[in-house]
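# Structure here, sequence nowhere to be found:
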């Protein structure tokens with residue numbers, strides 16, 4: 001018997017068409033594939049629902065912020081109108097006080113009531129240097145509103 005060595009067989013290195021055989025999936029592989037596809041579809045659904053819920057929450061938050069901003073603007077306009085009304089009332093009262101405390105008015109009052117006439121060195125004007133302050137007490141805030149404000153402050 002002759003000893004044949006395949007190490008020197010050059011036909012082994014020649015170009016050949018690959019011999020591919022399609023393997024059929026087993027029942028277990030098909031079942032695993034179906035399970036994976038089902039899990040992936042459920043996961044996709046949950047992700048889409050989470051994104052939709054986040055979008056709804058954001059839209060709700062933006063609407064709430066817009067409503068609060070509108071309320072604050074309305075309150076600001078009301079308070080500015082009230083402030084201008086008070087400023088005009090202050091001007092009116094100052095002119096009324098100036099008219100009533102003029103030297104002619106004081107002399108007329110003195111003559112009507114039979115008192116001695118006033119000398120100019122007897123009149124003293126007292127003005128308050130400190131302006132009045134108005135403190136508006138804060139309304140009581142419930143636990144639900146405090147929680148909502150904390151969440152809103154966290155996102156702003």
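Received the coordinates, thanks. All values reported here derive from a predicted model rather than from experimental measurement.

# CA only for contacts and neighbour counts going forward, please
OK.

# Near residue 36, how many other residues are there?
For residue 36, the count of nearby residues is 12 (other CA atoms under 10 Å).

# Residue 107 now?
16.

# Now do it against residue 124, distance only.
The gap separating residue 107 from residue 124 is 14 Å, by CA to CA, to the nearest Å.

# Please apply the same query to residue 27.
Going from residue 27 to residue 124 by CA to CA gives 110 Å.

# for residue 82, helix, strand, or coil?
Under the three-state scheme (DSSP: H, G, I helix; E, B strand; the rest coil), residue 82 adopts helix.

# separation between it and residue 95?
Relative to residue 95, and taking CA to CA, residue 82 is found at 20 Å.

# same check, this time on residue 116
Taking CA to CA, one finds residue 116 at 26 Å from residue 95.

# Compare those two (neighbour count), which wins?
Using other CA under 10 Å, the more surrounded residue of residue 116 and residue 95 is residue 95, with 12 against 9.

# Give me the buried positions along the worst-scoring helix or strand of the chain on mean pLDDT.
Least confident helix or strand, the chain: helix 103-112 with a mean of 79, by mean pLDDT, DSSP states H and E. By neighbour count, and taking 16 or more other CA atoms under 10 Å as the criterion, the buried residues in helix 103-112 are 106-107.

# name the element residue 43 belongs to?
helix 27-100 (DSSP states H and E).

# Let me know the angle separating that helix from helix 103-112.
Counting by axes from the mean of the first three to the mean of the last three CA atoms, to 10 degrees, helix 27-100 lies at 60 degrees to helix 103-112.

# distance between the ends of stretch 16-35?
39 Å.

# So which bits of that stretch are buried?
For stretch 16-35, it's none, nothing buried (16+ other CA under 10 Å).

# chain center to it, what's the gap?
Distance of stretch 16-35 from the chain centroid (CA atoms, centre = their mean, to the nearest Å) equals 57 Å.

# Run through who's touching it.
Stretch 16-35 is touched from outside by no residue, with contacts defined as CA atoms under 8 Å, 6 or more residues apart in numbering.

# mind checking how far stretch 83-90 is from the chain centre?
That offset, for stretch 83-90, works out to 33 Å (CA atoms, centre = their mean).

# ok, now stretch 67-85?
For stretch 67-85, the distance to the chain centre is 18 Å (CA atoms, centre = their mean).

# Kindly report the same for stretch 104-115.
Worked out by CA atoms, centre = their mean, stretch 104-115 lies 64 Å from the chain centre.
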